[in-house]
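Q: with the sequence up front, the predicted model follows.
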Amino acid sequence: MPAATTASVHTVLVGHQGSTSTASQIAKTEVVRDTESFADIVRGLHVYGRKVLRTESIAKAFVKLD
């Protein structure tokens, strides 16, 4: 969302909770031996995404503060 042109005008994005959707999951994990201690390191790949489901439920407003 581009910023407003003047300093006193702010851009606000508003919407209903059901207008967007998000998802996330841990796709891959692996266990690696730590070379500096007797511990194991678990690392994983976290993937996520988002999508607008209902564009009519989202609005963009320009608010001027005095």
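A: On my side now, so go ahead.
Q: next, the contact list for residue 40, please.
A: Residues near residue 40 by Cβ atoms under 8 Å, 6 or more residues apart in numbering: 31, 32, 33, 34. Every C-beta, even on glycine, is put in place using the N, C-alpha and C of the backbone.
Q: closest one of those residues to residue 11?
A: residue 32 (44.4 Å; Cβ to Cβ).
Q: test my guess that the closest one contacts residue 41.
A: Yes. Judged on Cβ atoms under 8 Å, residue 32 makes contact with residue 41 at a distance of 4.7 Å.
Q: what number of residues lie near residue 55?
A: Residues lying near residue 55 (other Cβ atoms under 10 Å) number 8.
Q: tell me the gap between the lowest-mean-pLDDT helix or strand in the chain and the middle of its chain.
A: One helix or strand of the chain scores below all others by mean pLDDT, DSSP states H and E: strand 9-15, with a mean of 87. The chain centre lies 17 Å from the centre of strand 9-15; the measure is Cα atoms, centre = their mean, to the nearest Å.
Q: and if you look at stretch 41-52?
A: Centroid separation for stretch 41-52 versus its chain: 11 Å, with Cα atoms, centre = their mean.
Q: repeat that for stretch 20-39.
A: 20 Å.
Q: contacts for that stretch?
A: Outside of stretch 20-39, the residues within contact range by Cβ under 8 Å, 6+ apart are 40-53, 58.
Q: tell me where the chain has strands.
A: Under the criterion DSSP state E, strands of the chain are mapped to 9-15, 20-33, 40-52, 58-64.
Q: spatially, what comes nearest to residue 49 if we skip its sequence neighbours?
A: The shortest distance from residue 49 to any non-neighbouring residue, by Cβ to Cβ, 6 or more residues apart in numbering, is to residue 23 (5.5 Å).
Q: let me redo that: residue 12
A: Going by Cβ to Cβ, 6+ apart, residue 12 has residue 61 as its nearest residue, at 4.7 Å.
Q: I'd guessed the one you found sits against residue 11; true?
A: Yes. Using Cβ under 8 Å, residue 61 is in contact with residue 11, at 7.5 Å.
Q: that older thread, would you quantify the distance from the residue nearest to residue 12 to residue 15?
A: 11 Å (Cβ to Cβ, to the nearest Å).
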